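# the following block contains a protein sequence and its predicted model.
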There are 2 protein chains.
Amino acid sequence: MIAGIVGAGVIGGGWAARFALMGWDVCIFDPSDGAKKRFEAVYANACDALPGLYEYALPEPGQITWCDSLEEAVAHAQWVQESTPEQLAQKHSVLNAIQTHCRADAIVASSTSGFKPSDLQKSSDKPEQIIVAHPFNPVYLLPLVETVGDPSTCDKAKTLLQGIGMEPLHVAQEIDAHIADRFLEAVWREALWLVNDGIADTETIDNAIRYGFGLRWAQMGLFETYRLAGGDAGMAHFIAQFGPALQWPWTKLMDVPELTPALVDAIASQSDAQSGHYSIRELERIRDDNLVSIMRALKPRQYGAGALLKAVDETLKNKEAVFHDELLVTVHRVIPIDWIDYNGHMNESRYAQVFSDAADTVLQLAGADEAYVASGGSFFTVDCHIQYRQETHVGEAVRCLTAVAPMDGKKLRLKHEMRRAGDETLLATAEQLLVHVDLNTRKSSNPPQHIVDAIKGLNPSC
Amino acid sequence: MIAGIVGAGVIGGGWAARFALMGWDVCIFDPSDGAKKRFEAVYANACDALPGLYEYALPEPGQITWCDSLEEAVAHAQWVQESTPEQLAQKHSVLNAIQTHCRADAIVASSTSGFKPSDLQKSSDKPEQIIVAHPFNPVYLLPLVETVGDPSTCDKAKTLLQGIGMEPLHVAQEIDAHIADRFLEAVWREALWLVNDGIADTETIDNAIRYGFGLRWAQMGLFETYRLAGGDAGMAHFIAQFGPALQWPWTKLMDVPELTPALVDAIASQSDAQSGHYSIRELERIRDDNLVSIMRALKPRQYGAGALLKAVDETLKNKEAVFHDELLVTVHRVIPIDWIDYNGHMNESRYAQVFSDAADTVLQLAGADEAYVASGGSFFTVDCHIQYRQETHVGEAVRCLTAVAPMDGKKLRLKHEMRRAGDETLLATAEQLLVHVDLNTRKSSNPPQHIVDAIKGLNPSC
């Protein structure tokens, strides 16, 4: 399959990268200065990010060809994507050239954020070939693409777009800016007012989004979230409850539709069709599991809500060695939802995670902490033997008790027991061998004496 | 510490649950019918979700007491949270009663979505004690709380709120609906128009949010995302480029502030203060790593963008056994960013994940697939011995090659080699023992003959 890319900036380049990484050959035409260099930066980002989304290897990347003419770029393409600046006259002339040179059965799609298909098609004698396929930056990661135009062309487009990992939303009726950008514009306008009036600065506004409703919207969107606010009484109840606020000055943007019974019915029945197969209690669990998973995913990145969780973790962890039955307490935690697999219990790899975290506690208490790693020393695990004794379930509190052997040259041997907190049921054991490494050479090396001594101090029998 | 909770619906109950799970004693007053039962549902949700956010155990939960009077609920509290309906006269009388009976040094906070502190304080002779602390549902998970009111009371509130895992955003100047709800209202109004005009139904609107900008906003918010769209030229360039669209009919909500040089400067310099310590390239990497992590976190939940990824995974995986050097190819994938630890390489537990996934491939090819699990049979790992040979890094393609021994009664033995794809460097080996189980008893049992036969078929030497 061949994609013809006309205009390869952030958006067109994102399309090109996604097509190529999903196995399409890509022919690019972009005569602007520095276009190729800019594209290469986008493509490098895409190569770093997109393949990591999947649990399986992608097909071999397609070939990327820079073309000297628009004709060459579009001649053999099954899909032509136009991503030139938002100037209607220019788009007309580009689309005209594309239709002159492309295959009769090609789909010609425009990335336009704002123009309607009827705007784009004005000078075309084959208007049904031209659709809007409006993506979102970064195009190589975000699945959303809004399709607008001839239903049968959009239908054909749907299969091709899903084949490159995107999810087309067909907009039933053309409208300026389609759907998503209308929301972005509404929020943008309100945000400009808040900055303009000195209510909040840009960082406060971003935090107001990403610590709150941004997390809700990343998984459920607007209506499904509000369905939950309506509770068992449903969406009509929510609207009855919050409808009056529409008349209050809660935004600078005050033009609102009248909440006629017909509109309330339409929303309530659409919401039933969308989410009615779940009870409110089920939706709450889904929402909460999603939120926990998203926030936890941001934790290792130390970004947004994840950075906040990390700060709380710092306050919760043992700063001093705590012993139990001559063993070091190295983990004490609750099993989170993202550690559970299709058997309904903690995946085997997360036992390994518990033992990895247990080793980290040993290392931190021994002074091989973040600062030590930054200074160029660390420990790597070279061998781990886990014996699984009992299933472990979400929400259970577990502890890990660790016997720390004195350093044997470069080697550190740990024996762990993972127990259910409370009844002390043995859940798993592990024998783990780590070696001290010099991070400059990534090779094993003897640890400094202060760490040797500190490790000895973690074993009460020494 | 003691929190007094006045009004324990979804919001007040969420506060109570968060305080209790973070170790505060909680005294609740809510005389409405069924309040206790409703709270218990909220508390059950909170117990299921909140502790899983952290890598360490929370303190022992505080005691929850249902009080017969408001006086009893607030008398000893350091923090009193009012979450009664949005009726100003009622709030005045409740806040008045709270201030009559609470400690002089208590913080009295209202959950109001819309009212300003000056509205709430009107009948109070100690107005500085009353602040707005506006949380977001689910209160026990989302960190955001908007604080508005006397700066020194809000300052004192900040420490206490951070202690229960929340992040207070202080709103510099009071305004109806504070900050976040103004955005929610703007989007809600635009969404009502889109449904009203038949452009999109509720599900299309939710998908337009959660497959696109919802994912961006969950981690960066609005301005930092747009900073990226401005590229190296920065935020002022972005506004120059997209400012004109403010005059276009891209929303029904058309009241917009004038983009004066002063406003553009304010936004650009606030954005520099917020994000200027990162280059655009760095911010792009942060954004992409966050997006990959968030979408991957939703994959096991099979929700939102995660469900889309799962569908692509299905198209990528081997449906038939593929062999290499007499070994079954059980994994072929790229190492994603969320598998990397502080040493800059794949965490040891993710090797275990690769081997767990390898075993799943064996099981699926042998007919012990999702349908089989649903029918009541599965395999559990009871022993795994991993030897780590080489570091593995983000973005590297790896393969796992597996020797599948014939079933030995209930036992299945697998020997895995994990190799870097391309140069075939051996990265790790594992010997893994699984047993067949009856999921009804969760005990080991003999597998059916068709699985025994199919497993034999996965070993070319048999």
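Sure, I can see it.
# which SS class is A:Val292?
helix (DSSP: H, G, I helix; E, B strand; the rest coil).
# okay, now it: neighbour count?
A count of nearby residues for A:Val292, using other Cβ atoms under 10 Å in any protein chain shown, gives 23. (Glycine included, C-beta is placed from N, CA and C.)
# ok, it - contacts?
A:Pro336, A:Ile337, A:Asp338, B:Ala49, B:Gly52, B:Leu53, B:Leu141 (Cβ atoms under 8 Å, 6 or more residues apart in numbering or on different chains).
# now it: how far from A:Glu417?
Here A:Val292 is placed at a distance of 27 Å from A:Glu417 (Cβ to Cβ, to the nearest Å).
# determine which two of the contacts of A:Val292 are furthest apart.
A:Asp338 and B:Leu141 (14.0 Å; Cβ to Cβ).
# the more surrounded of those two?
B:Leu141 (25 against 20).
# excluding its backbone neighbours, what's nearest that one?
The shortest distance from B:Leu141 to any non-neighbouring residue, by Cβ to Cβ, 6 or more residues apart in numbering or on different chains, is to A:Leu291 (5.0 Å).
# test my guess that that neighbour contacts B:Phe136.
No: A:Leu291 lies out of contact with B:Phe136 (Cβ atoms under 8 Å); the separation is 10.7 Å.
# okay, and the common contacts of those two?
A:Arg216, B:Leu142.
# which strand or helix spans A:Glu190?
helix A:180-196 (DSSP states H and E).
# just A:Val362 next, same as before
Using DSSP H and E, A:Val362 falls in helix A:348-365.
# give me the distance from the one helix or strand A:Glu146 maps to to the chain's centre.
Assigned by DSSP H and E, A:Glu146 belongs to strand A:144-148. The chain centre lies 19 Å from the centre of strand A:144-148; the measure is Cα atoms, centre = their mean, to the nearest Å.
# which elements pack onto the helix or strand just after it?
Scanning forward in sequence from strand A:144-148 by DSSP H and E, the next helix or strand is helix A:151-163. Applying 3 or more Cβ pairs under 8 Å, 6 or more residues apart in numbering or on different chains; DSSP states H and E, one finds that helix A:151-163 contacts strand A:107-110, strand A:130-135, strand A:144-148, strand A:167-170.
# could you check the angle helix B:180-196 makes with the helix-or-strand element of chain A with minimal mean pLDDT?
Here the helix or strand of chain A ranked lowest by mean pLDDT, DSSP states H and E is helix A:234-242, holding a mean of 74. Orientation check (axes from the mean of the first three to the mean of the last three Cα atoms, to 10 degrees): helix A:234-242 against helix B:180-196 gives 130 degrees.
# residues contacting helix A:234-242, please?
With Cβ under 8 Å, 6+ apart, helix A:234-242 has contacts from A:223, A:226-227, A:229-231, A:259, A:264-265, A:267-268, A:271-272.
# does chain B sit close to the helix holding A:Glu190?
Yes: Helix A:180-196 reaches chain B (Cβ under 8 Å from any Cβ of the partner chain) through A:180-196.
# just the buried members of those residues?
A:180-196 (16 or more other Cβ atoms under 10 Å in any protein chain shown).
# for the stretch 201-350 of chain A, which spans come out with low pLDDT?
A:242-257 (pLDDT under 70).
# residues near A:Pro31, how many?
Neighbours of A:Pro31 using other Cβ under 10 Å come to 10.
# pull up the residues of the stretch 351-462 of chain A that are close to chain B.
So the stretch 351-462 of chain A meets chain B at A:351-353, A:355-357, A:370, A:373, A:378, A:380-388, A:391, A:394-395, A:397, A:421, A:439, A:442 (Cβ under 8 Å from any Cβ).
# among those residues, which are located in strands?
A:Ser378, A:Phe380, A:Thr381, A:Val382, A:Asp383, A:Cys384, A:His385, A:Ile386, A:Gln387, A:Tyr388, A:Ala397 (DSSP state E).
# for those residues, give me JSON lines that also has pLDDT.
Listed next are these as JSON lines, based on pLDDT from 0 to 100:
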{"residue": "A:Ser378", "pLDDT": "96"}
{"residue": "A:Phe380", "pLDDT": "96"}
{"residue": "A:Thr381", "pLDDT": "97"}
{"residue": "A:Val382", "pLDDT": "97"}
{"residue": "A:Asp383", "pLDDT": "98"}
{"residue": "A:Cys384", "pLDDT": "98"}
{"residue": "A:His385", "pLDDT": "98"}
{"residue": "A:Ile386", "pLDDT": "98"}
{"residue": "A:Gln387", "pLDDT": "98"}
{"residue": "A:Tyr388", "pLDDT": "98"}
{"residue": "A:Ala397", "pLDDT": "95"}
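# got CSV for those, with neighbour count too?
What follows is these, written out as CSV (neighbours: other Cβ atoms under 10 Å in any protein chain shown):
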residue, neighbour count
A:Ser378, 22
A:Phe380, 16
A:Thr381, 22
A:Val382, 18
A:Asp383, 16
A:Cys384, 27
A:His385, 15
A:Ile386, 26
A:Gln387, 16
A:Tyr388, 22
A:Ala397, 15
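# which two of the residues you listed have the greatest separation?
Distance extremes for those: the farthest pair is A:Val382 and A:Ala397 at 30.3 Å, using Cβ to Cβ.
# keeping just the C-alphas, turn stretch A:114-128 into PDB.
Backbone C-alpha positions of stretch A:114-128 (Å, rounded to 0.1, in the frame of the first residue of the first chain) are rendered in PDB as follows:
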ATOM      1  CA  GLY A 114     -11.700  23.900  10.300                       C
ATOM      2  CA  PHE A 115     -13.000  23.700   6.700                       C
ATOM      3  CA  LYS A 116     -16.000  21.600   5.800                       C
ATOM      4  CA  PRO A 117     -15.800  19.100   2.900                       C
ATOM      5  CA  SER A 118     -18.200  21.300   0.900                       C
ATOM      6  CA  ASP A 119     -15.700  24.200   1.300                       C
ATOM      7  CA  LEU A 120     -12.900  22.000   0.000                       C
ATOM      8  CA  GLN A 121     -14.800  20.400  -2.800                       C
ATOM      9  CA  LYS A 122     -16.000  23.700  -4.400                       C
ATOM     10  CA  SER A 123     -13.700  23.600  -7.400                       C
ATOM     11  CA  SER A 124     -13.700  19.800  -7.800                       C
ATOM     12  CA  ASP A 125     -15.600  17.900 -10.500                       C
ATOM     13  CA  LYS A 126     -15.200  14.700  -8.400                       C
ATOM     14  CA  PRO A 127     -16.200  16.000  -5.000                       C
ATOM     15  CA  GLU A 128     -17.100  12.600  -3.400                       C
END
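# quick one: that stretch to chain centroid distance?
34 Å.
# and stretch A:146-155, by the same measure?
27 Å.
# list the buried ones in it?
Quick answer for stretch A:146-155 (16+ other Cβ under 10 Å): A:Glu146, A:Thr147, A:Val148, A:Gly149, A:Asp150, A:Thr153, A:Cys154.
# thank you, goodbye.
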